[in-house]
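1. Sequence and predicted structure, then a few things I'm wondering about:
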Amino acid sequence: MDSIINPIVLYLICATGAIGIAAALPRRNKVAAITGGIVLAAAVGFAILILGLNATESGQPLPNYFFYPFAILGLGSAARMITHPRPVYSALYFILTIIASCGMYLLLSAEFMAFALVIIYAGAILITYLFVIMLATQAPSSAAEEFIDETDAVAREPVISCGIGFVLLAILTTAMFRGLGDLPAPPDQTLAQDSVLVNLPSKVERLLDRADILAVGERLARNEDGTAAIDVVARTITLENTDLGTTRTLGPDQWPETLTAGNLDRLGYNLMHDHPMTIEIAGVILLMAMLGATVLARKHIELEDDLKAAQSRKLGENMKMGDA
């Protein structure tokens with residue numbers, strides 16, 4: 001960790017960032033918010049300077065030049081997302097944060113993660129957020145921020161929330177840097193990536209058919225548990241002829257070049273095989289958020305109707321008293 005950043009400097013940067021965010025959170029005092037933004041910017045600039053100096057001294061290459069605009073845009077948008085007093089604008093800054101993160105993923109050659117962020121977060125989930133915001137909140141009649149509801153205009157417990165958030169950030173960063181040296185050596189990436197093919201017999205058979213390896217009546221042999229009869233380590237594939245009742249084995253020299261497991265194959269299998277309940281729970285949470293927003297909006301409308309009816313009755317009584 002010392003070769004990247006000194007732990008004391010890391011904790012000092014986190015403490016300064018926490019102070020800046022706590023001061024910049026929504027409040028009626030604009031001077032404190034501006035001061036907090038300046039302190040936060042100073043902490044980010046100091047962190048970038050320290051990381052750059054350490055990389056230069058240790059002889060490590062500096063990040064790609066595109067890293068810096070993406071990093072500054074992402075950090076600035078994230079800070080503005082939690083400090084803007086209007087929820088709709090916070091959602092728009094959230095989109096900007098997602099786009100900056102997509103740029104980071106593209107620099108790491110992780111195109112799928114970049115596209116998934118745009119499609120899922122900047123698309124589906126953000127639309128859900130905006131739907132909930134529009135139903136559960138009421139826009140002020142004036143553009144002036146003094147007319148914004150107190151819930152949005154003033155942050156609740158800013159010191160506690162920022163303190164806990166940046167303490168967790170410091171702990172996670174320390175654990176990440178110190179834990180890298182204790183990780184075991186990665187296995188053969190080719191074998192690790194293609195091992196999922198055993199659980200994708202339909203894909204393997206389709207690729208074998210496209211490579212013109214399957215003869216008439218042949219198909220990929222299956223094990224008793226339904227997995228494909230292939231050995232990723234030995235690079236062998238077992239085929240069976242349903243008409244003749246015979247089997248044959250393809251050696252490593254006959255392994256098709258196209259028979260590899262891509263990122264989508266591994267990710268899809270991992271999500272649907274290891275985390276099916278997580279996906280279902282996420283969908284239920286989003287559905288309950290929309291239903292809760294609908295209920296809150298309905299109560300708000302009913303309350304407004306009751307107030308209008310009471311004001312109409314009061315106005316009518318005043319008119320009768322005036323006529324009398």
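-> Everything's here; your move.
2. Let me see the mean pLDDT of stretch 100-114.
-> For stretch 100-114, mean pLDDT rounds to 85.
3. contacting residues around it?
-> 63-64, 66-67, 70-71, 73-74, 77, 115, 117-118, 263-264, 267 (Cβ atoms under 8 Å, 6 or more residues apart in numbering). Yep, even glycine has a C-beta here, placed from its N, CA and C like the rest.
4. Least confident of these?
-> Per-residue pLDDT puts Pro63 lowest of those, at 69.
5. pLDDT at Pro158, what is it?
-> 82.
6. now the helices for the stretch 151-300 of the chain?
-> Ranges of helices within the stretch 151-300 of the chain are 158-179, 189-194, 201-210, 263-274, 276-323, based on DSSP state H, counting those that start in this stretch.
7. Would you mark the buried spots in stretch 19-39?
-> By neighbour count on 16 or more other Cβ atoms under 10 Å, the buried set for stretch 19-39 is 19-27, 33, 36-37, 39.
8. In a markdown table, list the residues you listed along with pLDDT, secondary structure and distance to Pro256.
-> Putting the buried residues of stretch 19-39 into a markdown table (pLDDT from 0 to 100; DSSP: H, G, I helix; E, B strand; the rest coil; distance: Cβ to Cβ, whole Å) gives the following:
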| residue | pLDDT | secondary structure | distance to Pro256 |
| --- | --- | --- | --- |
| Ile19 | 88 | helix | 59 |
| Gly20 | 87 | helix | 56 |
| Ile21 | 86 | helix | 54 |
| Ala22 | 86 | helix | 58 |
| Ala23 | 84 | helix | 61 |
| Ala24 | 84 | helix | 57 |
| Leu25 | 84 | coil | 57 |
| Pro26 | 78 | coil | 59 |
| Arg27 | 75 | coil | 63 |
| Ala33 | 78 | helix | 61 |
| Gly36 | 85 | helix | 59 |
| Gly37 | 83 | helix | 57 |
| Val39 | 88 | helix | 59 |
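9. And the pLDDT for Arg210?
-> For Arg210, the pLDDT comes out at 88.
10. Sorry, wrong one. I was asking about Arg313.
-> On pLDDT, Arg313 comes in at 73.
11. circling back to that earlier point, out of the helices of the stretch 151-300 of the chain, deepest packed?
-> helix 201-210 (a mean of 16; mean count of other Cβ atoms under 10 Å).
12. Outside of that one itself, list whatever touches it.
-> 197, 214, 219-220, 222, 226-228, 230, 237, 239, 256, 258-259, 265.
13. go again using 7 Å as the cut-off
-> Leu197, Leu214, Arg219, Leu220, Arg222, Thr227, Ala228, Ile230, Pro256, Thr258, Leu259, Asp265 (Cβ atoms under 7 Å, 6 or more residues apart in numbering).
14. Narrow the residues you listed to those that are buried.
-> For these, a neighbour count by 16+ other Cβ under 10 Å gives the buried set as Leu197, Leu214, Leu220, Ala228, Ile230, Leu259, Asp265.
15. Once you drop chain neighbours, what's closest to Leu220?
-> In space, and not counting its chain neighbours, Leu220 is closest to Glu205: 4.2 Å by Cβ to Cβ, 6 or more residues apart in numbering.
16. how near is the one you found to Gly268?
-> Noted for Glu205: a distance of 17 Å to Gly268, by Cβ to Cβ, to the nearest Å.
17. Not counting its neighbours along the chain, what's nearest Leu259?
-> Closest to Leu259 by Cβ to Cβ, 6+ apart is Leu207, at 5.0 Å.
18. on that earlier part again, filter the contacts of stretch 100-114 down to the ones in helices?
-> Taking DSSP state H, the ones among these that sit in helices are Phe67, Phe70, Ala71, Leu73, Gly74, Ser77, Phe115, Asn263, Leu264, Leu267.
19. Helix or strand with the lowest mean pLDDT in this protein?
-> One helix or strand of the chain scores below all others by mean pLDDT, DSSP states H and E: helix 150-153, with a mean of 60.
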